[in-house]
Every structure is written in C-alpha cells, then in structure tokens.
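>>> how would this look folded up:
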Amino acid sequence: MQPSSAKIILSVHGLTKFYGSLCVLTQVNFEVYEGEILVLLGPSGCGKSTTLRLLAGLERPDAGTVQLKEHIVVDAQAGIFTPTERRNMGMVFQSFAVWPHLTVADHVAFPLLIRRIPKDEIAKKIRRTLEFVGLAGLETRLSTQLSGGQQQRLALARALVYEPDILLLDEPLSNLDAQLRQQMRVELKNLQRQLGTTFIFVTHDQDEAMTLAHRVALMRNGKIEQLGTPDEVYDHPNSPFVHSFLGTSIRFDGKWVQDGQGTCLQLTDRYRIKVDCRSDSSINTATDGRALVTLRPEDLRIVPEQRQAQDNEIEAEVRDVINLGDRYELALKGCNTEFVLEVSKRHRFTAGERVLLAVDAARVKVWPI
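Next up is the predicted model:
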C-alpha cells in the first residue's frame, strides 16, 4: 500500500510485446510510487523479465506507453522511444556482470565517467556509495577477489552511484546460495529504506516477494493477475492461480447444497463446511453447483479429542510422518485430496492413523468450476 503522500514516479499503460507471432505481454498496466519496492512475481515465461527489459529500453514494445516522472519515454503508437542511457534507470542483472580486470572503484566509477561527471565529484560518489553497500575499504580490490555476496553489492553500487530515478533488478539473488540469498534480502530491504530509491524487482521466489515488496504484481501468461500488498494478495487472492502460487494451497472439490439452516459446501457425503456467503458477494451458491474449495495449511487445526466429525471438520489419514528436526511433516489424505501439514514434535503420529481437522471456515476460498 503506497503512502498517501507518495507520488507516482512511473506509469505503464497497455504495454504489449510480440516475439514473432507469440504475444508475451498483453495490455500490461501498473503504476509505481516514489520510494516503494514493486515486485513482479510469477513463474518462468510469464513476462516479468520482458516487462523489465521494456522499461529499461533494452527492447521496444509493440504497443503501450511508459511515463517516467513527467516524461513519456515510450509511446509505441507515436514512435517515441527514449534510449536506455537517457532514462536515468539503473539495472542489476541475474549475472553480476563484473569485469575481472577492474577494481571495485573502477566498476563504480564507470557509469559516472560515461556521464562525464567531474573527477572530484566521482571520488565523493564512489566513497558514499561503497559505504552504503558495505564495501568501504575494498576500493582497490579486483572483482575476482570478492565473494559472491560482495560481487552482488558491487553490482548494486554500480547501478546506484549515479542516483537513478528507479532501480530495476532482474532476479539479482538467484545465483547466490540459500543462506546468502536470505541475508541479501534483508540487506536490500534496509538499503532501499536508507536510500529511498524506487525498486522494481523481478523474481519467481515467493519468499523474496513477501520479504521485499511493498506491493506485488503477480503475473501469468503475459498479464498481471493481481496487484496489491503482500497481505492483500495472500489473504484475498482473486483467482485459484494466485491462491496456489503465493503460499501453499490445499484444494477440495465441493458442491453447494441446501439444508435446513441454509446453504453449505458438501465436500463428501460425510463432511461439509458452513461458509458465510453474505460476507463474500463473489461466491456463487447455486444449489447443487460444483465449486473448487481452497484453503491453506494454517487454516486447518488438529482436534485433539477422538470423536465424529462435525460441521467445519474433516477426517484425514496419516500417510507418512517426516521428521524435519524441529517439527514433523504429516502427509495426509482426506476428502480425496492429498496434502501436507507441519506439526510440533509435541504431537506423535503414526502412518495409518486417522486425525480430525477443524477447518477455519472464514478463511475458505470458493471458486466456481
């Protein structure tokens, strides 16, 4: 959610891109606010990196406009196309793109030299930027003498030193090991907060999106499926795809039925869920209508006592118990669906055992089939 005082720094309208006869982006629209991190999230081939390349000027769109601050930098219909070097955008690629023969200082100086910044000002900018990214004192070290995390910081420093309006990051952490990637997420978030620079960050990793984003644009098949804060997209998905991509989704086949107390969702002959349809006007409760029912593992709670299932409860069979060290992972099958729950090691389960699960009906999502 953008601050009320934030200004729109980038506006994208109708962005469309073809590769031959293949349309990889279709009428993409979004706005970016000054000082925010917008994450473009989605599976491989959904169009997120293509979007970034179009914003950077590395490719031309077939339709659409891009406005940076008050300047139109792209208008496909009018034939306007501002070159990359005149857009004042920084870019950090998946590969660090560092040159082995240059020192840290030489790398950071390069974009300033091609912009013909005075030498005394270059020295000040290098020193300040290296302090920001944690590389102060390494000015004379060759890039080949840096660790992976340091090379990533160097790539960031080179993109930040000329104070771009927006920093574009295309899966910049994907080449780091898991522990360093987690550390760099935190460092990136802190760095962005200190600098106030606007980030557009591309990733297929939902953990990165949830950690970094002020807002997430979840993409699918060249379109934005949903745009909102991480909490909005996670808690209020607008499609089964969004529900399944961001977080873990458990799916059941259901059917709307009427009983003496109103409408409910029948999962099997034995189990049903009472959903308050009045709280969600999008729910289609046509009697006997089929529905896809989705929920998350945290929406299920193990009932400790042994008894018959009531409304908003289901039974499941324990198929396997996996020891994860500090917790167990239960492989379960219930209502003709296989799913996994993590439980505390205080609870003991064995394969073949049946467990009773309470469903948080307020968290259930229902989609027409």
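>>> Now Arg181: which helix or strand?
Arg181 belongs to helix 178-195 when elements are defined using DSSP states H and E.
>>> between the next helix or strand after that helix and helix 178-195, how many degrees?
Reading on from helix 178-195 to the C-terminus, the next helix or strand found by DSSP H and E is strand 198-203. Orientation check (axes from the mean of the first three to the mean of the last three Cα atoms, to 10 degrees): strand 198-203 against helix 178-195 gives 160 degrees.
>>> So what touches the next helix or strand after strand 198-203?
Counting by DSSP H and E, the element after strand 198-203 in chain order, helix or strand, is helix 206-212. The contact list for helix 206-212 (Cβ atoms under 8 Å, 6 or more residues apart in numbering) reads 37, 39, 41, 173, 181, 185-186, 188-189, 199, 201, 203, 216, 230, 234, 245-247. In this view, the C-beta of every residue, glycine as well, is placed from N, C-alpha and C.
>>> same thing but 10 Å
With contacts defined as Cβ atoms under 10 Å, 6 or more residues apart in numbering, helix 206-212 is touched by 37-42, 169, 171-174, 181-182, 184-186, 188-189, 192, 199, 201-203, 205, 215-218, 230-231, 233-234, 245-248.
>>> Stretch 353-364 spans what distance, first to last residue?
In stretch 353-364, first residue to last residue: 26 Å (Cα to Cα, to the nearest Å).
>>> My error: substitute stretch 75-87 in the last question.
Where stretch 75-87 begins and where it ends lie 14 Å apart, using Cα to Cα.
>>> Show me which positions of that stretch end up buried.
Using 16 or more other Cβ atoms under 10 Å as the test for burial, stretch 75-87 gives 75-76, 82, 87.
>>> from these, which is closest to Arg346?
Distance to Arg346, by Cβ to Cβ, is smallest for Arg87 among the buried residues of stretch 75-87, at 56.3 Å.
>>> what does the model give that closest one for pLDDT?
For Arg87, the model assigns a pLDDT of 94.
>>> From what I see, it and Leu68 are in contact.
Yes: using Cβ atoms under 10 Å as the test, Arg87 is close enough to Leu68 to be in contact (6.3 Å).
>>> Helices of the stretch 201-350 of the chain, start to end?
All helices of the stretch 201-350 of the chain, identified by DSSP state H, counting those that start in this stretch, fall at 206-212, 230-235, 240-245.
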